[in-house]
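> A structural model of the following input is requested.
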Amino acid sequence: MSSTPLLEIADLHASIDGNAILKGVSLTINEGEVHAIMGPNGSGKSTLANVLMGHPGYEVTGGEIRFRGEPITDRAPDQRAQQGLFLAFQYPVAVPGVTMVNFLRQALNAKRGGDVPIREFRELLFSKMDLLKMDQEFARRYVNDGFSGGEKKRAEMLQMAVLEPRMAVLDETDSGLDIDALRTVADGVNRIMNPEMGLLLITHYQRLLNYVKPQFVHVLIEGRVVKSGGPELAEELEAHGYEQFETEAATA
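Numbers count the residues shown, from 1 in each chain. All right, here's what the predicted structure looks like:
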């Protein structure tokens, strides 16, 4: 394990359309660690995910993001992806007319900065589909076109498996999933995770954390991390909700 943190977020402030959303978020994730960020609607969870990936609609007004020891606060999304940062979306968009196989090959070419030979790509793709227990026919379908909620999230997991990021941010991957789909997606996450990788799970609920076990849980309220702890913190939130932390944040 490297002595340099995989991802460092230091006193991060960010806004959109002049409205401050993140108000001093600090977080450190090392290789092999799974962190979860939990919080109510409007707390800044998805904003944090977008800012980490460099979404141009958000303005960083203070603080710094470092990835594998290098500042990336001012880098473009494609540069961050090439370095090994990955974001799984809460609401993946459909791309009719573009097959999964072509989409994934172009994404891998962009990440590596050159054309991956077709044979090498096919071997990689089918090995990852075997890992995730996916039928090869899935790769011939158009990206998210007509997919169920569970299939969209499985497509995100296939992207993550093929791109092999060093740091993955999953933005409410459990959103809209029934219990069977949740188990399937969580199993995919666990199969992809490895000791050199970091994982940040963003979620409302503890149920995802029953299947993808975090070592660290953080509560985000009104753009700030107000509490950090172990897995037991998620259980506390499930039992008692966010009201205590919202009250503390309001009086701080």
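
> I'd like to know how many residues surround R68.
Using other CB atoms under 10 Å, R68 has 18 other residues around it. Glycine gets a C-beta too; all of them are placed from N, C-alpha and C.

> swap in T4?
Applying other CB under 10 Å, I find that T4 has 12 neighbouring residues.

> could you give the number of residues near the residue nearest to it when sequence neighbours are not counted?
Distances taken as CB to CB, 6 or more residues apart in numbering place G69 nearest to T4, at 4.4 Å, with adjacent residues excluded. The number of residues packed near G69 is 11, by other CB under 10 Å.

> thought L6 was touching G69, still the case?
No - between G69 and L6 there is no contact under CB atoms under 8 Å: 9.1 Å.

> and L201, which helix or strand is it part of?
Element membership for L201, per DSSP states H and E: strand 198-203.

> by contact count, what packs against that strand?
With contacts taken as 3 or more CB pairs under 8 Å, 6 or more residues apart in numbering; DSSP states H and E, strand 198-203 sits against strand 34-38, helix 45-53, strand 167-171.

> what angle do strand 198-203 and the second one make with each other?
Note on geometry: by axes from the mean of the first three to the mean of the last three CA atoms, to 10 degrees, helix 45-53 and strand 198-203 are set 150 degrees apart in direction.

> so how far is L7 from the residue nearest to T4?
The spacing between G69 and L7, counted by CB to CB, to the nearest Å, is 10 Å.

> repeat for R122
32 Å.

> of those two, which one has the most company?
L7 (23 against 15).

> for the closest residue to the more buried one other than its chain neighbours, which residues are in contact?
Once flanking residues are discounted, L7 sits nearest to I29: 4.4 Å by CB to CB, 6+ apart. I29 makes contact with 5-8, 35, 167, 198, 200, according to CB atoms under 8 Å, 6 or more residues apart in numbering.

> 6 Å - rerun?
For I29, the contact set (CB atoms under 6 Å, 6 or more residues apart in numbering) comprises 6-7, 35, 198.

> now the two most distant members of these.
Within the contacts of I29, two members stand farthest from each other by CB to CB: L6 and H35, at 10.5 Å.

> so how far is the first residue of stretch 168-184 from its last?
18 Å (CA to CA, to the nearest Å).

> buried residues of it, list them for me.
For stretch 168-184, the neighbour count (16 or more other CB atoms under 10 Å) marks 168-175, 177, 181-182, 184 as buried.

> can you check stretch 134-147 too?
Here stretch 134-147 shows 134, 138-139, 142-144, 147 as buried, counting by 16+ other CB under 10 Å.

> now stretch 201-221
201-204, 206, 208-209, 211-212, 214, 216-221.

> what's the average pLDDT for that stretch?
Per-residue pLDDT over stretch 201-221 has a mean of 93.

> name the element A155 belongs to?
helix 149-163.

> alpha carbons of that helix, in PDB - could you do that?
Included here for helix 149-163 are C-alpha records, laid out as PDB according to Å, rounded to 0.1, in the frame of the first residue of the first chain:
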ATOM      1  CA  GLY A 149     -33.100   0.400 -13.300                       C
ATOM      2  CA  GLY A 150     -31.000  -2.600 -12.300                       C
ATOM      3  CA  GLU A 151     -29.600  -3.000 -15.800                       C
ATOM      4  CA  LYS A 152     -28.500   0.600 -15.900                       C
ATOM      5  CA  LYS A 153     -26.600   0.200 -12.700                       C
ATOM      6  CA  ARG A 154     -25.100  -3.100 -13.900                       C
ATOM      7  CA  ALA A 155     -23.900  -1.200 -17.000                       C
ATOM      8  CA  GLU A 156     -22.200   1.300 -14.800                       C
ATOM      9  CA  MET A 157     -20.500  -1.600 -13.000                       C
ATOM     10  CA  LEU A 158     -19.300  -3.100 -16.300                       C
ATOM     11  CA  GLN A 159     -17.900   0.300 -17.200                       C
ATOM     12  CA  MET A 160     -16.000   0.400 -13.900                       C
ATOM     13  CA  ALA A 161     -14.700  -3.100 -14.400                       C
ATOM     14  CA  VAL A 162     -13.400  -2.400 -17.900                       C
ATOM     15  CA  LEU A 163     -11.900   1.000 -17.100                       C
END
